[in-house]
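Q: When you get a sec, could you give me coordinates for this:
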Amino acid sequence: MIHRIFTFLLVALALTLVGCVNLKPQPDRTQLYLLAGNVSAPLDLSGKPPSYVARIDLPGYLAGNRIYYRSANGTLAPVVGARWADALAEALPQALAMHLQATGWTQVQGYYPSSNPVADRATVAVRFERFSARPDGQVEVVAQWEVVHPDRSLDSGRYVSAALLWDGVDPGAYVAHLDTALSGLAEAIADSFRVD
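A: The predicted structure follows:
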C-alpha cells in the first residue's frame, strides 16, 4: 500500500515537473520611458552663466522605476505595462538639466549624481511636491525650486504645471505631459539666469 502511494506521488510530481518544463517563456512587454527624449540644446551657449543641477527631492513613492498616478479612491496605482528606464532620482536631474539648457539662458555643466566641484557656477535645487496625475486625469507637477548663484544671491519660486489632461490609458501621453510640465519648470527656473 505504501509502495503504491509513493509511486502515485512520484508519478504526480514527475507530471507536474514535465508540465513546467514545457511552458514557453513569455516576453516582457513592459514599455520603458525616458524624460526629455525630444529636447535639443541650443547650438551656442558661450557667455551664458554656468550651472549645476543638484540632487532632486522627490516624494518617497517615486523612488523606484514605477510610473504612478492617483486612482479614484485616492491611492497610488502603477501604470500597467510601463516603467521609467531609470529611477527618477537619477533621471529627473538629467532631464531638468536638458530642459534648462534648451531654454538658452544657462550652460548646464553638470547634474546629480556627478559632483559639483566648481564654485563659480550656480546650483539649481528642486523639491517636487507632486509628479503624477489625479483620478480625473489632470497631470500635476508641483515643485519648489531655488538657484544659488556664485555670489551667494538666491532666487526661488514655486512652480505649478498648467492644465494637462491624460486619458488614463496611454502611458506615452502621460509621460509626454510630465515632460511638458518639466519643460515649464525649466522655463520658470531659467528666468533667474536672464540678463535683460
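
Q: Now do the same contact list for residue 64.
A: Applying CB atoms under 8 Å, 6 or more residues apart in numbering, we find residue 64 in contact with residue 87. C-beta here means a position set from N, CA and C on the backbone, and glycine is covered the same way.

Q: Secondary structure element for it, which one?
A: Per DSSP states H and E, residue 64 falls between elements, in no helix or strand.

Q: Can you check the pLDDT for residue 57?
A: Looking at residue 57, its pLDDT is 95.

Q: same question but for residue 5, I mixed them up
A: In this model, residue 5 is scored at 69, pLDDT.

Q: try residue 18
A: 57.

Q: Next secondary structure after the helix or strand bottoming out on mean pLDDT in the chain?
A: Within the chain, no helix or strand scores below helix 2-21, which has a mean of 63 by mean pLDDT, DSSP states H and E. Going down the chain from helix 2-21, the next helix or strand is strand 31-33, by DSSP H and E.

Q: avg pLDDT for that next one?
A: pLDDT averaged over strand 31-33 gives 95.

Q: With stretch 132-151 instead?
A: pLDDT averaged over stretch 132-151 gives 95.

Q: Kindly report the same for stretch 66-86.
A: 92.

Q: now it, how far from the chain's geometric center?
A: Distance of stretch 66-86 from the chain centroid (CA atoms, centre = their mean, to the nearest Å) equals 12 Å.

Q: Next, the contact list for residue 93, please.
A: Contacts of residue 93 by CB under 8 Å, 6+ apart are 53, 54, 55, 56, 111, 112, 113.

Q: In three-state terms, label it for me.
A: Secondary structure state of residue 93, per DSSP: H, G, I helix; E, B strand; the rest coil, is helix.

Q: Then residue 169?
A: From three-state DSSP, the assignment for residue 169 is coil.

Q: ok, the residue positioned nearest the centre of the chain - contacts?
A: In the chain, the centroid-proximal residue (CA atoms, centre = their mean) is residue 88; its distance is 3.8 Å. Contact analysis of residue 88 by CB under 8 Å, 6+ apart lists 58, 62, 63, 65, 131.

Q: Any buried residues in stretch 84-96, and which?
A: Buried residues in stretch 84-96, counting neighbours by 16 or more other CB atoms under 10 Å, are found at 84, 86, 88, 89, 91, 92, 93, 94, 95, 96.

Q: Take those and lay them out in JSON lines including distance to residue 169.
A: JSON lines is the format used below for the buried residues of stretch 84-96 (distance: CB to CB, whole Å):
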{"residue": "84", "distance to residue 169": "18"}
{"residue": "86", "distance to residue 169": "24"}
{"residue": "88", "distance to residue 169": "22"}
{"residue": "89", "distance to residue 169": "27"}
{"residue": "91", "distance to residue 169": "23"}
{"residue": "92", "distance to residue 169": "24"}
{"residue": "93", "distance to residue 169": "29"}
{"residue": "94", "distance to residue 169": "28"}
{"residue": "95", "distance to residue 169": "23"}
{"residue": "96", "distance to residue 169": "27"}
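
Q: Mind naming the longest strand for the protein?
A: strand 122-133 (DSSP state E).
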